[in-house]
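> model this:
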Amino acid sequence: MTALIPTDAEDPVLLREALQRALDGGPALGLGMVGGAPENVADGLAAVIATSGSSGIPKRVALSAEALRASAEATAARIGSGRWLLALPAGYVAGLQVVVRSILAGTHPTTIEGRFSPMSFAEATLAMLRPSPGGDTGIPELYTSLVPAQVATLLDAADDTAVRAALTAYRAILVGGQALPEPLRERAADLGARLVRTYGSTETSGGCVYDGVPLDTVGVRTVDGELRIAGPMLAEGYLGDGSLTARTFVRDEHGIRWYRTGDLGLVEDGVVRVHGRADNVIVSGGINISLDRVERIVRRIAGLHEAVVVGVEDERWGEASVIVAARGEVLRRSESEQLVHARDAVEEELGKHARPARLILVDEIEVLSSGKPDREAIRRMVAELH
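Numbers count the residues shown, from 1 in each chain. A predicted model of the protein is given here:
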């Protein structure tokens, strides 16, 4: 057995040292478990990440050293290896993998001083480009991992020369945690920033599909419309929850182990297309509507790129969808005009039945510490207003 030590991920230097030991045989790190008592876990585990995601259901995902290494190695094989900027909390898998990739590259992750902002990002990035005293004078390959909200913040500030230079300094900026709105991707491309859309989860040791293409050691298929993933980066399961582990990780007739993502999608000519969560569906007027698909359409509209779409009870239709957007993002249109524009766009692609019922403007969108929208809190807020 290996000891599992509750770990504070706030100090990246100490975390890197502890993670190096965990990858080399232990003790394992309990991320998000500070205040809990040490316990013993199976040999080979390197990290247990306590997460509830946006669903509010707590889980403790157990990741082996082999899985974390396999993920980092597959990423390096796809996009290269170099110096990484840690711009996400290391207690979440996207941030943790920045540290793992740095360990495998023989480097130390650079961190941002204080809160994330365009200037703190620019300062950290430009510091990475300066040659170290007595060290290699060549320009290093730079990488980082961000969520779409951070990308939007940086693009909005890209008129600043330093911010623009920082954005374009990276060989690859991995973007995950939620769908990347197409307008953001296009703005980044026009600027010369190299974004890589990633798809994955804590259960897959982070992103394992890049720009729709699975990493070399990853298999993706669909069963009854649900995406399933196989590969050496899969988690061992959920610590202390054998029932959930058995439901989520299944073996096929050949003995291959697959992770049931809970996402709907398809695989065409080797390209993975994600349609949305199987459980993020409402029934409005007797018709199933994917809120993820509605949200993707809404986010293409100027001023609604970071909007969140949630479902609420509706007296007439049973359930209806509602758009929640930050007040400062809505541009040059009244609230009613913006809603009409969104409803028309959704109707054109999905049909009249899928049109959102309301647009609610708030001062800011509530987010989790991972940077993802706190959908449960947003749903509660909308339900109280509706």
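> Which stretches in the stretch 51-200 of the chain count as strands?
In the stretch 51-200 of the chain, the strands defined using DSSP state E, counting those that start in this stretch lie at 59-64, 83-86, 110-111, 142-146, 172-175, 195-201.
> could those strands go into a markdown table alongside mean pLDDT and mean neighbour count?
Heads up, the C-betas are built off the backbone N, CA and C, glycines and all. Compiled in a markdown table, those are given as follows (pLDDT from 0 to 100; neighbours: other Cβ atoms under 10 Å):
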| stretch | mean pLDDT | mean neighbour count |
| --- | --- | --- |
| strand 59-64 | 94 | 24 |
| strand 83-86 | 96 | 23 |
| strand 110-111 | 94 | 17 |
| strand 142-146 | 97 | 25 |
| strand 172-175 | 97 | 23 |
| strand 195-201 | 96 | 21 |
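> Nearest to Ile5 among those strands would be which one?
strand 59-64 (13.9 Å; Cβ to Cβ).
> For Ile5, what are phi and psi?
With angles defined as degrees, to the nearest 10, Ile5 sits at phi -110, psi 120.
> Do I have it right that it meets Gly30?
Yes: using Cβ atoms under 8 Å, Ile5 is in contact with Gly30, at 6.1 Å.
> Could you check how many residues crowd around Ser369?
11 (other Cβ atoms under 10 Å).
> What residue, apart from its backbone neighbours, is nearest it spatially?
Take Ser369 and drop its neighbours on the chain: the residue closest to it by Cβ to Cβ, 6 or more residues apart in numbering is Pro89, 5.5 Å away.
> Report the beta-bridge partners for Ala320.
Val312 (DSSP bridges).
> That one is in contact with Val312, isn't it?
Yes: look at Ala320 against Val312 with Cβ under 8 Å: they come within range, at 6.1 Å.
> ok, those two, which is more surrounded?
Ala320 (20 against 17).
> Any figure for the gap between the more buried one and Leu350?
To Leu350, Ala320 is 14 Å away according to Cβ to Cβ, to the nearest Å.
> ok, now Ile112?
For Ile112 relative to Leu350 (Cβ to Cβ), the value is 39 Å.
> Please work out how many residues are found near the residue nearest to Ser369.
Neighbour tally, Pro89, other Cβ under 10 Å: 17.
> Who are the contact partners of it?
9, 95, 369-370 (Cβ atoms under 8 Å, 6 or more residues apart in numbering).
> any low-confidence regions in this structure?
34-38, 52-57, 132-138, 329-333, 386 (pLDDT under 70).
> tell me the domain ranges of it?
Under automatic domain parsing, the residue ranges defining each domain of the chain are 2-203, 280-385.
> picking up where we left off before, the residue nearest to Ser369 and Ser205, how far apart?
Counting by Cβ to Cβ, the gap from Pro89 to Ser205 is 16 Å.
> from the middle of its chain, how far away would stretch 45-54 be?
Its chain's C-alpha centre lies 14 Å from the corresponding centre of stretch 45-54 when counted by Cα atoms, centre = their mean, to the nearest Å.
> hmm, who's touching that stretch?
2, 4, 19, 22-23, 26, 28-33, 41, 58-65, 68, 91-93, 96, 202, 236, 239, 368, 372-376.
> Is it possible to mark the buried ones in the residues you listed?
Neighbour counting by 16 or more other Cβ atoms under 10 Å classes 2, 4, 19, 22-23, 26, 28-33, 41, 59-65, 68, 91-93, 96, 202, 236, 239, 368, 372-376 among these as buried.
> re earlier: out of the strands of the stretch 51-200 of the chain, flag the one nearest Thr248.
strand 59-64 (9.4 Å).
> What pairs with that closest one, parallel or antiparallel?
Paired strands of strand 59-64, with direction, are strand 45-51 (antiparallel), strand 237-238 (antiparallel) (DSSP bridges).
> which is the next helix or strand following the longest strand anywhere in the chain?
Of all segments of type strand in the chain, defined using DSSP state E, the longest is strand 257-268. Going down the chain from strand 257-268, the next helix or strand is strand 271-277, by DSSP states H and E.
> From the contact counts, what lies against the helix or strand following that next one?
Toward the C-terminus, strand 271-277 is succeeded by strand 281-284 as the next helix or strand (DSSP H and E). In this structure, strand 281-284 packs against strand 287-290, strand 318-326, with contacts taken as 3 or more Cβ pairs under 8 Å, 6 or more residues apart in numbering; DSSP states H and E.
> picking up where we left off before, which one among the contacts of Pro89 gets closest to Ile103?
For the contacts of Pro89, the closest approach to Ile103 (Cβ to Cβ) belongs to Gly95, at 13.5 Å.
> Does the closest one touch Arg16 like I think?
No: counting by Cβ under 8 Å, Gly95 sits too far from Arg16 to count as a contact (11.8 Å).
> picking up where we left off before, roughly how far is the longest strand of the chain from the heart of the chain?
Worked out by Cα atoms, centre = their mean, strand 257-268 lies 16 Å from the chain centre.
> With neighbour numbers in mind, choose between Ile112 and Leu350.
Ile112 (19 against 16).
> Next up, the contacts around that one.
85-87, 120-121, 124.
> mind putting these in TSV, distance to Glu182 included?
Compiled in TSV, these are given as follows (distance: Cβ to Cβ, whole Å):
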residue	distance to Glu182
Leu85	25
Leu86	27
Ala87	22
Ser120	27
Phe121	23
Ala124	28
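> And the residues you listed, which is closest to Ser284?
Using Cβ to Cβ, those come closest to Ser284 at Ala87, 38.2 Å.
> Just confirm the closest one contacts Val151, I think it does.
No: between Ala87 and Val151 there is no contact under Cβ under 8 Å: 10.5 Å.
> neighbour count winner among these two?
Shown here are Ala87 and Val151; by other Cβ under 10 Å, Ala87 has more neighbours (25 against 22).
> Pull up the gap between that one and Gly255, please.
40 Å.
> Torsion angles phi and psi at the closest residue to Leu350 other than its chain neighbours?
The shortest distance from Leu350 to any residue other than its chain neighbours is 6.4 Å, reached at Arg293 (Cβ to Cβ, 6+ apart). Main-chain dihedrals, Arg293, degrees, to the nearest 10: phi -70, psi -40.
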